[in-house]
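**Student:** Sequence first, then the predicted structure:
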Amino acid sequence: MNTTSGIILAISLIIIMFGMGLSLSLSDFKRVLVYPKAMIIGLCCQIILLPLLGYLITLYLNLSPTTAIGVMLLAACPGGPTSNMLSYLAKGDLALSVSLTAVSSMLTILTIPLIVQFALVEFANQSVAVSVDAFTMVLQLLVIVIIPVGIGMWVKGKFPSFAQKMEKPVKIASAIIFILVVVGVTLSIKDVFMSYLKEAGLPAILLNISTMTLGFLFALAFKLSRPQAISISIETGIQNGTLAITLATIALNNAEYSIVPAIYGLLMFVTATVIIFLRKPLGVKDQPSLDKQT
């Protein structure tokens with residue numbers, strides 16, 4: 001998407017994050033801190049499992065150096081505001097999703113250079129200094145996620161009836177934004193879609209499906225609630241493709257490395273849509289049980 005579309009999307013996400021904040025309270029985040037098992041599992045999936053699966057996929061498919069580096073670049077990136085929106089629509093644990101986005105974004109400032117440096121040496125026999133614009137990442141996180149959610153929580157505390165009335169409109173708006181993002185991403189690469197899909201489609205969809213599936217299964221294996229498992233699945237499998245593209249074109253000065261993140265940015269919404277629609281019939285027995293989250 002172009003700059004104007006990016007700005008519109010950012011503003012839309014800010015509004016959606018504010019609306020999500022209307023459904024949260026400090027007790028939701030307190031639960032994440034008091035019972036940190038879900039956070040630890042989620043971070044392990046994002047920081048360790050995701051890059052490992054990305055590397056295994058590159059080996060299994062015997063990818064070209066350019067595509068392999070694109071896969072690893074994507075696997076090194078954290079989730080983003082989109083993952084929070086999808087967790088919300090899929091009835092995941094929103095407080096956990098927001099917390100994972102914030103913490104993983106901070107951690108990947110350190111891990112992205114290490115993972116990308118490894119990929120460059122492993123697949124292209126290069127050694128290029130990779131740096132992440134930490135200030136921009138933190139600023140984006142604050143402006144698009146943390147501050148709007150915080151304001152929404154404050155409004156809920158002051159005007160609970162208003163917050164309750166806004167729950168349905170926010171979900172509708174989130175669904176509309178979701179559809180617009182899919183359309184926008186599709187239009188942005190429509191001219192080269194088929195060539196991109198042929199080269200990067202299989203590794204992109206494998207990375208997406210495998211990480212979401214294993215993230216969900218790991219969470220259930222550790223006896224987390226279904227909403228927590230859904231959030232961990234989405235946070236593990238929905239990466240910040242925009243950040244990956246930016247790193248490819250600016251930090252690495254090679255637009256070809258952005259092919260995988262670009263096609264992934266579209267395909268991930270397909271699997272996310274499936275999760276959202278499969279989620280609807282589940283409905284009940286989803287609330288986290290504090291006594292089971294030790």
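**Tutor:** Here it is on my side, so go on.
**Student:** in the stretch 1-150 of the chain, which spans are helices?
**Tutor:** Applying DSSP state H, counting those that start in this stretch to the stretch 1-150 of the chain gives helices spanning 3-21, 26-34, 37-44, 50-61, 65-76, 81-89, 94-124, 134-141, 147-158.
**Student:** quick one: contacts for residue 207?
**Tutor:** Applying CB atoms under 8 Å, 6 or more residues apart in numbering to residue 207 gives the contacts 53-54, 57, 71, 74-75, 237, 264. Glycine gets a C-beta too; all of them are placed from N, C-alpha and C.
**Student:** which residues of the stretch 101-250 of the chain score low on pLDDT?
**Tutor:** 126-137, 141, 171, 174-175, 178-179, 181-190, 192-193, 196 (pLDDT under 70).
**Student:** Ranking by neighbours, what's the top pick from the contacts of residue 207?
**Tutor:** residue 74 (32 neighbours; other CB atoms under 10 Å).
**Student:** my read: that one touches residue 245, true?
**Tutor:** No: using CB atoms under 8 Å, residue 74 is not in contact with residue 245; the gap is 9.2 Å.
**Student:** list residues touching both of these two?
**Tutor:** With CB under 8 Å, 6+ apart, residue 74 and residue 245 have common neighbours residue 261.
**Student:** Any idea how far stretch 206-226 is from the middle of the chain?
**Tutor:** 14 Å (CA atoms, centre = their mean, to the nearest Å).
**Student:** cool, stretch 140-154 as well?
**Tutor:** That offset, for stretch 140-154, works out to 17 Å (CA atoms, centre = their mean).
**Student:** Give me the buried positions along that stretch.
**Tutor:** Within stretch 140-154, the residues that count as buried by 16 or more other CB atoms under 10 Å are 140-141, 144-146, 148-149, 152-153.
**Student:** and if you look at stretch 21-36?
**Tutor:** 21-25, 28-29, 31-32, 35.
**Student:** And for stretch 39-56?
**Tutor:** Quick answer for stretch 39-56 (16+ other CB under 10 Å): 39, 41-43, 45-47, 49-51, 53-55.
**Student:** Read off the pLDDT value for the residue nearest to residue 97 when sequence neighbours are not counted.
**Tutor:** Setting aside the residues directly before and after it, residue 97 is nearest to residue 87 in space (CB to CB, 6 or more residues apart in numbering), at 3.8 Å. pLDDT recorded at residue 87 is 86.
**Student:** Residue 87 contacts residue 230, doesn't it?
**Tutor:** Yes: between residue 87 and residue 230 there is a contact at 6.7 Å, judged by CB under 8 Å.
**Student:** Between those two, tell me which one has more neighbours.
**Tutor:** Applying other CB under 10 Å to residue 87 and residue 230 shows that residue 87 carries more neighbours, namely 31 against 28.
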